[in-house]
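Chemist: Build me a model from this:
(chains A and B, ligands or ions: 1)
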Amino acid sequence: NIDPESLLPKLPSPDELRPFPTTCATIFRGHGGRVRSLAVDPSGIWLASGGDDGTIRVWELLTGRQLWHVKISSEDAINVVRWRPGTDAVILSAAVGEDLYFVIPPIISPELESRSNTLLDEGFGYASSKPRSDSTAKIPAVQWSRPTSTRLADAGVLLKTRLRSTIKVISWHRRGNYLTTVSPSGQTSSVMIHTLSKHLTQQPFRHLKGLPQSAQFHPTKPIFFVATQRTIRTYDLSKQELLKIVQPGARWISSFDVHPLGDNLIVGSYDKRLLWHDLDLSVRPYKTLRYHKKAIRQVKFHTGGLPLFADASDDGSLQIFHGRVVGDLMENATIVPVKVLKGHGVMGSLGVLDVDWHPREPWCVSAGADGTCRLWT
Amino acid sequence: METEQVNPQMRVQLSTSQLDIVLPERNRSILVNTNLRRYGLSSLVNTLLGNEKPIPFDFLINGIFLRSSLDDYLTQHAISSETTLKLEYVKAAIPPIHLASFEHGDWVSSVDVLSTTSPAQRWSNSGGQIPGHERILSASYDGLLRVWNISSQITATSPSAGDGGHLSSIKAAKFVSPSRIASSGTDRTVRLWKYEEASDDSPAVMSQQIELYGHKASVDSIAVHQPSSRLLSASADHTVCLWSTRKSDAPAAPHSSLPVNSSRGAKRRKIGPAISTSQRGYLSSLKSHTAPVSSVIFAPNDPTVAYSTSWDHGLKTWDLPTSTPVDTRSTSHALLSLAAIPYLKLVAAGTSARHITLIDPRASATNVVAMTLRGHTNAVVSLATDPNNTFGLASGSHDGTCRIWDVRSTKTDKEGRVGQSMYSVGRESIGGVSRTSGDGVKVFGVLWDSDIGIVSAGEDKRVQINRGKGAGPITQ
Ligand SMILES: [Mg+2]
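Modeler: The predicted structure is shown next:
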C-alpha cells in the first residue's frame, strides 16, 4: 500500500523559509482619499506615495514620518509614483492624468541635488541642438518642459511631459535612463518609451493588438514586455521584432513583474488569479495560484536577492510567497505561500492598490484604498 | 476526600552579594519545601532577616533567575532533591512607576539628562547645582531642542531654523557638559550649543557655537566624550564621522556640503545672510558599512574605540586614531540601536525583527550572538544601560513600550534559552496600555539615569519619566 500523499513533492514549511514580512510595523497616515501607488527609494530609507488627493508624499520608511509633500493637481489623482533606479541621483517620477512629472524632493544633500538636477537638465541641451528627425513615429514630437507653475518648481517638481491620454503605469529600465509609460486608452500611443537624457518620447510599436495594461524592460537584455488584457508579448528591442506571446489564461491582466534574473514572470489578474510563468518552459503558466477572494491589483518580486514575491488584492490583503528560482533549466521554481498580511480596510470594494519591496530587507509596503500606506516587516 | 499532602523538602544554601541583606551564618543552610517559588522563598528570607517591612527578593541558581517552583527546577535540570541547591538572593527589581510626562507639539526623537551621575556632569568635575536641579534635554521633529527642569518647566529652547537653528527634524541630542549640548538631524548637520543658566531668575539661553558639516544624509545618532573633545555621529549616508568639539582644532567644513551650494536651497529656506556661526568639518569619515548607520557609541572603557550598528546587519568595531574598522560582527537582521553592557563585556543591539541581540564584540569571541532578548512586537530602536544593575538594560520600541531587561531573566522556548523582560512600560498618554504595532505611540528614544529614572520619548509627543529600581549593583 502506497500512501498517495507520499508521492507528492513535499513543500517546505513557512517556518523554514524565513525571513519574510509577518507584521505591520508602521502605518503612514496623511493622504486624503485612496493611496494609488507607492515605492521605496533605491537607498531604502524613504517611501514615496501618491493618490486621489493629488499629492505626492515622501516619508521616512521606518518611523512613518512625512518628510515632504506637494500637491500636483486638484482634479486628477496621482496614478503612479516610481523612483528612478540607482543611488547616484534622487529622482521621483509621477503620473498625473496625461502628465509625466519628474521631481527632486528637497530632502537630499546639495551634492545629490546638483547631480539630480544635471540628469533632469541634460535633455534640454539635446532637444535644442538636434532636430527630432530620428523620431520613429509620425506624430508630433512630445515636448518636455519645466512646469509653468513656480509653486511646483519651488517644491522640486522640475520637469514634465504631456502625453495624449491618462498614464496608468510607469516602469524604469534599471540603468535609469529609459522609462516606459502605459496609457491603456491611448490606442496607438498607449505604450511609450522615454529617454531621460534626451527628453525624448518614442512610440516603439505602431501596431499593438489589444488594450495594453502594463509594460516592463527585461532586467538585463534588450527585451521588452507588454501586457494586454489577455497576453504578454515579449519584443526584441534592437531588432524590433516579436519574440513570444505568453498566455497566462487570465481574463483580464492587471499587472505583471519580471523576475530579477529575467527568465520567470508573475502575472496578476482582475479575475483573482496569480500566475507564474517560466519563460524557458512554456507560454502557458507553470503555476496558477488562487488565494484571493477579489481582484489582484499588483504583483511584485523582491529585487534585492531574497526569493520573495507579493501580490495586493481588493480583498484588503497581501499574500507573500517564497519562490526560489533555480539556475538549472531542468529544475522548476518552488513556490510556497508563506503569509497573508491583513490590516488594510476595504473601501468601496477597493482594497490594496499597490505593493513594493525594500531594496534589501524582507520588508514590503502597501498602498490602500483606506487612505493609508503600511510597512510590513 | 481530603488527603494530607506532605511536601518533600530539600536543603538550600542561601547567599547574597548585597551587604545590607546578608543572613547570619546559622540561617544560611536551611530545609525548605520543594513546592516553594520565588514569592515563598522571598517571605522566608524576610522572616530569617527579621524584616518588619518585607523586601521583595529574587533568586538566582547558577546565575539565572528562578521562574518556577524548586520542584519544577529540579525536574527540568534532572537534579536530585538530595542535592543542596545554592540559591543567590538579590533585591527584586521594582516595577517602574510613572512620575511625569512633558508635552511637546511634535514627535520627540531623543532624550538626555544632566544629573549628579550623568556622564556630562561627571566629566565636568564641577560638582554643580545638582541634586534637585536635574535637567532633561529633548530633541523634537519640530527642529527644536528643549531643556526641562524636573518640575516640567522649559528652561530654554534652541533657536528656530530662521534664527540659525536646525533646518528640519532633530534625531539625536546629548549633553556634552552642564553648559554644552550636541544635536544632529535630518538637515545632515551636527550642531554644538552653549547652554547658560543665569544665577538670577532670568531664563536660560541656548546659543549655537559650531555647525558641523560633512554628512550627506540624516544624522540619526551621536555619542560624545568630553575628556577627549570627541564626538561621533552615525548617518543614513552609511558613514560614521569623528569630530572635534573644539572650534580651534576642527577642520574647515567641506565646501560642497554647505547649504549655499544647493541651487534651490537659499530660496527654499528664505534665510537672509548667513547667521554668524562657525562651520566646521570632520576629523575623519569612517567608511565600511554598506547601509544606513543607526547608532554609534564609544567603547565604555576606551574612548579610542567605537562601536556602530547598521541596517547592513553588522556591528563594527572602529579604531579611532587610525580610522580603521577592526572587526565586523554580522547578524541576520537590520540593527537599529546599540548600548554597552560593560560588566559582561557585551553590547546589545536592537533589531528590526523585534528582538535584542547581545553580541560579544571581541575578535576572539567565537559566538557572534551571546543571547537573544524577546518580547517586543516591533522594531527596537533605542537601548540604554541600567545605571544600577550590571545585568540590566532598557529598550525603546516602535511597539509603543519600553522594556526592562536583566540578562539573568530567561525562559526556554523552541529556539532554546532566550531572555525575557522583567517589566514592560507603556505610554501614559494612552493609559499605559499597549496598542497593535505601537501605532501613534512609537518610542524613539530611551535613557536610564540613576537619579531621574527611565526617560523615554516618542510619537505621542511626550517625554515620559518612570522610576523603578533594578536588582542592585553586583559587587565584584
Ligand atoms: Mg527554469
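Chemist: A:Glu98 - how many residues pack around it?
Modeler: 15 (other CB atoms under 10 Å in any protein chain shown). Using the backbone N, CA and C atoms, a C-beta is placed for each residue, glycine as well.
Chemist: how about the residues of the stretch 1-150 of chain A near chain B?
Modeler: A:19, A:23-27, A:43-45, A:62-65, A:67, A:106-114, A:117 (CB under 8 Å from any CB of the partner chain).
Chemist: Tell me the buried residues within those.
Modeler: Buried members of the residues of the stretch 1-150 of chain A next to chain B, counted by 16 or more other CB atoms under 10 Å in any protein chain shown: A:19, A:23-27, A:43-45, A:62-65, A:67, A:106-110, A:112-114, A:117.
Chemist: Next step: those residues restricted to helices.
Modeler: A:Pro110, A:Leu112, A:Glu113, A:Ser114, A:Asn117 (DSSP state H).
Chemist: Name the nearest residue to the second one, ignoring sequence neighbours.
Modeler: Put plainly, it is A:Leu112. A:Val90 (5.5 Å; CB to CB, 6 or more residues apart in numbering or on different chains).
Chemist: what do you get for B:Ser29?
Modeler: Nearest residue to B:Ser29, sequence neighbours excluded (CB to CB, 6+ apart): B:Gln13, at 5.2 Å.
Chemist: okay, the one you found: pLDDT?
Modeler: If you check B:Gln13, the pLDDT there is 97.
Chemist: In the stretch 101-250 of chain A, which residue sits closest to the ion?
Modeler: Going by CB to the ion, the ion is nearest to A:Val246 of the stretch 101-250 of chain A, at 14.3 Å.
Chemist: Touching, that residue and A:Thr231? I think so.
Modeler: Yes. Between A:Val246 and A:Thr231 there is a contact under CB atoms under 8 Å: 6.3 Å.
Chemist: any idea how far the closest residue to A:Arg29 other than its chain neighbours lies from A:Tyr101?
Modeler: Computed as CB to CB, 6+ apart, the closest residue to A:Arg29 that is not its neighbour in sequence is A:Thr372, at 5.8 Å. Distance, A:Thr372 to A:Tyr101, by CB to CB, to the nearest Å: 23 Å.
Chemist: now the helices for the stretch 101-250 of chain A?
Modeler: Using DSSP state H, counting those that start in this stretch, the helices of the stretch 101-250 of chain A run over residues A:110-129, A:150-155.
Chemist: looking at those helices, which is buried most?
Modeler: Comparing these by mean neighbour count (mean count of other CB atoms under 10 Å in any protein chain shown), helix A:110-129 ranks first with a mean of 16.
Chemist: which helices and strands sit right next to that helix?
Modeler: strand A:144-145, strand A:157-162, strand A:200-202 (3 or more CB pairs under 8 Å, 6 or more residues apart in numbering or on different chains; DSSP states H and E).
Chemist: is it possible to export the ones you listed to JSON lines including mean pLDDT, distance to B:Ser295 and mean neighbour count?
Modeler: Output for these, formatted as JSON lines (pLDDT from 0 to 100; distance: least, CB to CB, whole Å; neighbours: other CB atoms under 10 Å in any protein chain shown):
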{"stretch": "strand A:144-145", "mean pLDDT": "96", "distance to B:Ser295": "44", "mean neighbour count": "17"}
{"stretch": "strand A:157-162", "mean pLDDT": "97", "distance to B:Ser295": "35", "mean neighbour count": "20"}
{"stretch": "strand A:200-202", "mean pLDDT": "95", "distance to B:Ser295": "46", "mean neighbour count": "21"}
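Chemist: Tell me the backbone dihedrals of B:Lys247, please.
Modeler: phi -60, psi -40 (degrees, to the nearest 10).
Chemist: if I read this right, it contacts B:Ile210, doesn't it?
Modeler: Yes. When contacts are counted by CB under 8 Å, B:Lys247 is listed as touching B:Ile210 (5.7 Å).
Chemist: ok but B:Ser42 is inside a helix, no?
Modeler: Yes. With DSSP: H, G, I helix; E, B strand; the rest coil as the criterion, B:Ser42 is located in a helix.
Chemist: mind showing which ranges of the chain have poor pLDDT?
Modeler: Defaulting to chain A. A:1, A:4-9, A:127-140, A:327-330 (pLDDT under 70).
Chemist: nope, chain B please
Modeler: In chain B (pLDDT under 70), the answer is B:1-5, B:127-130, B:260-277, B:469-476.
Chemist: Once you drop chain neighbours, what's closest to residue 118?
Modeler: Going with chain A. Spatially, and ignoring its direct neighbours in sequence, A:Thr118 is nearest to A:Ala89 (8.0 Å; CB to CB, 6+ apart).
Chemist: my bad, chain B
Modeler: B:Asp449 (6.0 Å).
Chemist: Residue 282: which element?
Modeler: No chain specified, so I'll use chain A. Following DSSP states H and E, there is no helix or strand that holds A:Ser282.
Chemist: where's it relative to A:Ile232, distance?
Modeler: Applying CB to CB to A:Ser282 and A:Ile232 gives a distance of 13 Å.
Chemist: what about the two, which has more around it?
Modeler: Legend: neighbour count by other CB under 10 Å for A:Ser282 and A:Ile232, higher for A:Ile232 (26 against 11).
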